[in-house]
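Chemist: Build me a model from this:
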Amino acid sequence: MKKRTLRQIHKSIAREWKRYLLDKRNRFKRHTVLGLRAASKIKYLVERGLLEPARKHDCVDCGDQANHYDHRDYREPCVVEPVCRGCNSIRGPALPLLRSEQHLWTRGIR
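Modeler: Numbering: from 1, shown residues only. Sure, this is the predicted structure:
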């Protein structure tokens with residue numbers, strides 16, 4: 001069996017690490033792009049006067065003044081509910097979840 005030098009070992013570790021980071025970034029990027037598109041769609045509707053600002057509504061969960069609109073599914077950008085910040089953080093992330101987050105939410109850890 002051929003012995004590998006320290007340089008060869010370092011290069012292989014660096015290659016694997018780079019592949020891991022790129023995969024993680026691409027999965028996060030897909031989720032973020034969907035969220036940004038949905039948020040910009042709502043911003044457009046508010047600016048055009050087709051949707052009232054969220055601050056004019058009460059939170060659908062607790063009844064306080066809403067701060068922003070919450071998407072439950074980024075694939076449906078116009079389906080939103082006005083919520084306050086506290087309730088939005090309790091609701092958790094919108095769908096589709098990142099693969100790394102799915103197991104946490106299905107098990108009820110968060």
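Chemist: For this protein, give me the ranges with low pLDDT.
Modeler: Counting by pLDDT under 70, the ranges of the chain that qualify are 1, 22, 24-31, 96-110.
Chemist: just the strands in it please.
Modeler: 68-71, 80-83 (DSSP state E).
Chemist: The last one packs against which elements?
Modeler: Spelled out, that is strand 80-83. If you count contacts as 3 or more C-beta pairs under 8 Å, 6 or more residues apart in numbering; DSSP states H and E, strand 80-83 packs onto strand 68-71. All C-beta atoms are positioned from the backbone trio N, CA, C, and that covers glycine.
Chemist: For the strand it packs on, which strands pair with it and how are they oriented?
Modeler: strand 80-83 (antiparallel) (DSSP bridges).
Chemist: ok, the residue lying closest to residue 90 once chain neighbours are set aside to residue 45 distance?
Modeler: Spatial nearest neighbour of residue 90, chain neighbours left out: residue 61 (7.6 Å); criterion: C-beta to C-beta, 6 or more residues apart in numbering. Counting by C-beta to C-beta, to the nearest Å, the gap from residue 61 to residue 45 is 22 Å.
Chemist: Over to residue 33?
Modeler: Per C-beta to C-beta, residue 33 is found 19 Å from residue 45.
Chemist: Can you pick out the residue with more neighbours from the two?
Modeler: Higher neighbour count among residue 33 and residue 45: residue 45, with 16 against 11, using other C-beta atoms under 10 Å.
Chemist: I am finished for the moment; much appreciated.
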